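*Asks:* Just the structure for this:
(chains A and B)
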Amino acid sequence: MERTYSGLINKYFSGLGGVFGKLLDSSPPKINPCIGVIVSIVGTSIVSFSRTFFQPVLALVLALVVSLVTRKVRELLYVSVFSFFFAAIVALPVFLFGDVKNSAVFVLRVTASASFFTSLLGSLGWFGVVRGLETLGLGGLTSQLGLLARYIPEFIRKAQASVLAREARTFGVSRRARWTIGLSLVGDLIYEGFRTSYWLSLSMRARYFENRFVKRKMPLYWSLAPLDFFVLLSLILLACSMIVG
Amino acid sequence: MLEGRGLSFSYLGDKPLLENVTIQVRRGRIQSVLGPNGSGKTTLLLLVSGLLRPFSGEVLLEGRNLFEMLPGARRYIGVMFQRPDDHLFNPIVRDELLFTLTQLELGQKEIEERIGQIAEILSLKDLLNKPIYALSFGEKRRVALASILVYDPVYLLLDEPFANLDPRNTVVFLRLLCSLRESKGILVASQDVELAEPISDYIYVLNDGRIVWEGPPPIPRSILEETGLYARVAPCSSTLNIPL
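*Replies:* Model (predicted):
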């Protein structure tokens, strides 16, 4: 049977595009962006340095509830399972030397902190995180995150178009041909990057009226949903459990 | 009046892309720069808007040197690039409209009013919270135009505003330009004579970096044929016999 070109690079860019498509969902987040960002950072820090089972278990429960409400259980499972196996491999020597409790706590806190962080940021989405950071007054950082959100999908689209243009004229399946395709893409992407940055600088300059960057003032969202209270309550519980010991 | 006098420019120091070009953008009329691919239309727009500096010549805004008044003077000039993806650099449509309004440090109420107005005019209300990458080409073009109209500049410099637009969006653009004619000075760079000529009050024909003709429409047929702006479309059977 005749083999056809597999299009691995194209599949890779398609997968990448799919991930960013989910991250860049522009529907309003179910958690208050400001609360989501604060709780995710503080909560993950507490869980990451925990020494008991209580905090990681609580964080896992919270992550599961948030994922159920925001319907992102599958995404949570991917991260949880991956981080569990990753941590288990690292903890294996400790486990083999007989320190079962410490190795179990280590695996649990790695899994819990990754799951906790992912569930909150996943429910906020890229734009939710940007809004949250902006409300906290981190304007410079958020403008860079905004540029990334604008140009990463564009970059993926252009890269994919370049790959497709090459695949359309690739008739062989040799490894050498695939390498040639992959390598010739690099030059195109570097050129495209330069071209994009040139026009970006012109476009920004055309709409700057001052010699300074004026930060956008984001209004505080005071309306809190039940999920916000639940998230805040969990953070308070985590913090209390850390203080109590 | 926005005026470019004796403008010359070259990108890499070799053959000049523009040579001694003089152009005027007056308020209350639509001016067009028509020319074939590579004639220097985009470069001319970038020079007149103050985004590129000419090698020789000067750009005057209301009689004063534009470059001495930058960046403040940019609020009077709105430039729309040929490719909307080059023009739009914010992740969401609302952010794109907000960008200049934030620079102007307007109050929240006025900002919302302006965004509401421009979204109404260009039918962008349903798109305001959408990411730019998810828009169609026509939608991106409308957002690009909205992003400059929202800060109400006096002069609009539009690079190929009708290129790659479907007929419906083209009509929307034409109507909008005609409705803005009274209050603004508009300069359209295009190679589409059929669309640009009827709405223009004054036309510059650019070829190989030089103005080869200027005046009110219509453009003489000889100029159109000489510059390659006009070509008769014939059926395939006869087109195949035309020598290139």
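*Asks:* Mean pLDDT per helix and strand in chain A: which one sits at the bottom?
*Replies:* One helix or strand of chain A scores below all others by mean pLDDT, DSSP states H and E: helix A:8-23, with a mean of 79.
*Asks:* Who are the packing partners of it?
*Replies:* Secondary-structure packing of helix A:8-23 (3 or more Cβ pairs under 8 Å, 6 or more residues apart in numbering or on different chains; DSSP states H and E): helix A:139-167, helix A:175-206. C-beta here means a position set from N, CA and C on the backbone, and glycine is covered the same way.
*Asks:* ok, 10 Å please
*Replies:* helix A:73-96, helix A:100-135, helix A:139-167, helix A:175-206 (3 or more Cβ pairs under 10 Å, 6 or more residues apart in numbering or on different chains; DSSP states H and E).
*Asks:* pLDDT of the longest one, averaged?
*Replies:* By that I understand helix A:100-135. Across helix A:100-135, the average pLDDT comes to 88.
*Asks:* quick one: which of the helices and strands packed on helix A:8-23 has the weakest pLDDT on average?
*Replies:* For the helices and strands packed on helix A:8-23, where the average pLDDT is lowest is helix A:139-167, sitting at a mean of 83.
*Asks:* So which bits of it are buried?
*Replies:* Applying a neighbour-count criterion of 16 or more other Cβ atoms under 10 Å in any protein chain shown, the buried positions in helix A:139-167 are A:139, A:142-143, A:145-146, A:148-153, A:155-156, A:158-160, A:162-163, A:166.
*Asks:* For it, name the packing helices and strands.
*Replies:* Counting by 3+ Cβ pairs under 10 Å, 6+ apart, helix A:139-167 packs on helix A:8-23, helix A:100-135, helix A:175-206, helix B:84-87, helix B:93-103.
*Asks:* Would you indicate which residues of the fourth one are buried?
*Replies:* Applying a neighbour-count criterion of 16+ other Cβ under 10 Å, one finds B:84, B:85, B:86, B:87 buried in helix B:84-87.
*Asks:* Correct me if wrong: the second one contacts residue B:164.
*Replies:* The reference is to residue B:85. No: contact between residue B:85 and residue B:164 fails when scored by Cβ atoms under 10 Å: they sit 11.5 Å apart.
*Asks:* can you list residues touching both of the two?
*Replies:* Here residue B:85 and residue B:164 share the contacting residues residue B:137, scored by Cβ atoms under 10 Å, 6 or more residues apart in numbering or on different chains.
*Asks:* which SS state does the residue positioned nearest the centre of chain B fall under?
*Replies:* Central residue of chain B (Cα atoms, centre = their mean): residue B:158, 1.0 Å from the mean position. Taking DSSP: H, G, I helix; E, B strand; the rest coil as the rule, one finds residue B:158 in the strand state.
*Asks:* which residues pair with it across the strands?
*Replies:* residue B:80, residue B:188 (DSSP bridges).
*Asks:* how far away is it from residue B:31?
*Replies:* Residue B:158 sits 11 Å away from residue B:31, taking Cβ to Cβ, to the nearest Å as the criterion.
*Asks:* Find residues that contact each of these two.
*Replies:* Common neighbours of residue B:158 and residue B:31 (Cβ under 10 Å, 6+ apart) are B:186, B:187, B:188, B:189.
*Asks:* which one of those has the most neighbours?
*Replies:* Within the shared contacts of residue B:158 and residue B:31, most neighbours by other Cβ atoms under 10 Å in any protein chain shown means residue B:187, with 30 neighbours.
*Asks:* wait, isn't it in contact with residue B:46?
*Replies:* No: here residue B:187 does not reach residue B:46: they are 11.9 Å apart, not a contact under Cβ under 10 Å.
*Asks:* which residues do these two both contact?
*Replies:* In contact with both residue B:187 and residue B:46: B:79, B:157, B:159, using Cβ under 10 Å, 6+ apart.
*Asks:* out of those, who's nearest chain A?
*Replies:* residue B:79 (4.8 Å; Cβ to the nearest Cβ).
*Asks:* quick one: that closest one from residue B:209, how far?
*Replies:* Residue B:79 is 20 Å from residue B:209, by Cβ to Cβ.
*Asks:* just residue A:22 next, same as before
*Replies:* For residue A:22 relative to residue B:209 (Cβ to Cβ), the value is 48 Å.
*Asks:* Name the residue in these two with the higher neighbour count.
*Replies:* Between residue A:22 and residue B:209, residue B:209 has the larger neighbour count (other Cβ under 10 Å), namely 22 against 12.
*Asks:* Show the backbone phi and psi for residue B:108.
*Replies:* When quoted as degrees, to the nearest 10, the phi and psi of residue B:108 stand at phi -60, psi -40.
*Asks:* Isn't residue B:198 up against residue B:219?
*Replies:* No: counting by Cβ under 10 Å, residue B:198 stays clear of residue B:219, with 11.5 Å between them.
*Asks:* Report how many residues lie close to residue B:138.
*Replies:* 17.
*Asks:* Nearest spatial neighbour of it, chain-adjacent residues omitted?
*Replies:* Leaving aside its chain neighbours, residue B:138 sits nearest to residue B:169 (4.1 Å; criterion: Cβ to Cβ, 6 or more residues apart in numbering or on different chains).
*Asks:* what helix or strand does the one you found sit in?
*Replies:* helix B:167-180 (DSSP states H and E).
*Asks:* Pull the contacting residues for the nearest residue to residue A:131 once chain neighbours are set aside.
*Replies:* For residue A:131, ignoring the flanking residues on the chain, the nearest one in space by Cβ to Cβ, 6+ apart is residue A:33 at 4.1 Å. For residue A:33, the contact set (Cβ under 10 Å, 6+ apart) comprises A:124-125, A:127-136, A:218, A:221.
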